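> can you look at this prediction? I've put the sequence above it.
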Amino acid sequence: FCVGGLLLVVLPYLMGVTMELSLSIPIRSNISTQCPYFPVMETWLIGVVYLKIWVRMTTLAPHAFATPWHLYWNQLVQGGLLRVNAPFMFWQLVVPLISVLLQFLCIPYFISKVLLQQFTPITPEQASHLHHSSYPFLLCVFLAVRCMLVLFYYIPAAIAVLYDRVLDHQYLQSIRLQNAEAVGRDAKQHSDSGMEG
């Protein structure tokens, strides 16, 4: 019950708040002194949509790009919410997702509201503007790091898998043809010698 509640209520709401702070509010309100307004149901629904998109992207990824999230979401879908392994899903799926989302929400707030206001001589308007633009900046940094990961890890891994498949296909095809002829001759000679004896 707890895992289902966290998956269906808390996780989409945190994802909705994250997306609102990263995308919607900087576009919607250009004045940095405006206070953001978060309607609870609208934010939760936006989080449900983004969570559904992320789950689909994760579960539909090819096996060369499969992540542990792929396995966790597939286990959740196969078991359903009633037959889910609750402790495993709680510690492997819910806790990491909530901790990442909370870090994404808390770190820019802490830097812009606590550290910079206490240790640098900036005005409250500058701090508010910095806080307003810190979430989109953090999202851009996260996406850039993710793209670098794809470029430096997944693409060489996918090329290595493709290279191995092509090499195995050519090598195994030539072995099968050679072995088929040799095995056919050996079987024919063995059956001929068996008939003579």
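Thanks, I have the structure now. None of the values given here were measured: they were computed from a predicted structure.
> helices of the chain, residue ranges please.
2-5, 11-19, 25-28, 40-59, 68-79, 86-89, 95-109, 116-119, 124-149, 155-196 (DSSP state H).
> test my guess that residue 92 contacts residue 76.
No. Counting by CB atoms under 8 Å, residue 92 stays clear of residue 76, with 10.1 Å between them. Placement of C-beta: from N, CA and C, glycine included.
> can you list the residues that contact stretch 86-100?
By CB atoms under 8 Å, 6 or more residues apart in numbering, the surrounding residues in contact with stretch 86-100 are 2-3, 6-7, 10-11, 14, 68-69, 72-73, 75-76.
> buried residues in that stretch?
By 16 or more other CB atoms under 10 Å, the buried positions in stretch 86-100 come out as 89, 92, 93, 94, 97, 98.
> stretch 101-110 too?
101, 104, 105, 108.
> what of stretch 67-80?
69, 70, 72, 73, 76.
> and of the buried residues of stretch 101-110, the nearest to residue 150?
Checking the buried residues of stretch 101-110 against residue 150 with CB to CB, the nearest one is residue 104 at 19.5 Å.
> so who does the closest residue to the closest one other than its chain neighbours touch?
Using CB to CB, 6 or more residues apart in numbering and skipping residues adjacent in sequence, the residue nearest residue 104 is residue 18, 5.6 Å away. By CB under 8 Å, 6+ apart, the contact list for residue 18 reads 47, 101, 104, 105, 135.
> ok, residue 137 - contacts?
By CB under 8 Å, 6+ apart, residue 137 lies in contact with residue 108.
> for the contacts of residue 18, give me CSV that also has distance to residue 120 and pLDDT.
Converted to CSV, the contacts of residue 18 look like this (distance: CB to CB, whole Å; pLDDT from 0 to 100):
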residue, distance to residue 120, pLDDT
47, 33, 90
101, 28, 86
104, 23, 83
105, 22, 83
135, 19, 80
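> tell me the one among the contacts of stretch 86-100 nearest to residue 161.
Using CB to CB, these come closest to residue 161 at residue 68, 18.3 Å.
> where in this protein is pLDDT low?
Residue ranges of the chain with pLDDT under 70: 1, 3, 29-36, 61-66, 81-82, 170-197.
> any idea how far residue 116 is from the residue nearest to residue 104?
21 Å (CB to CB, to the nearest Å).
> same deal with residue 157?
Distance from residue 157 to residue 116, by CB to CB: 40 Å.
> neighbour count: those two, which is higher?
Neighbour count, other CB atoms under 10 Å: between residue 157 and residue 116, residue 116 has more, with 17 against 12.
> surely the more buried one meets residue 129?
No. Between residue 116 and residue 129 there is no contact under CB under 8 Å: 11.0 Å.
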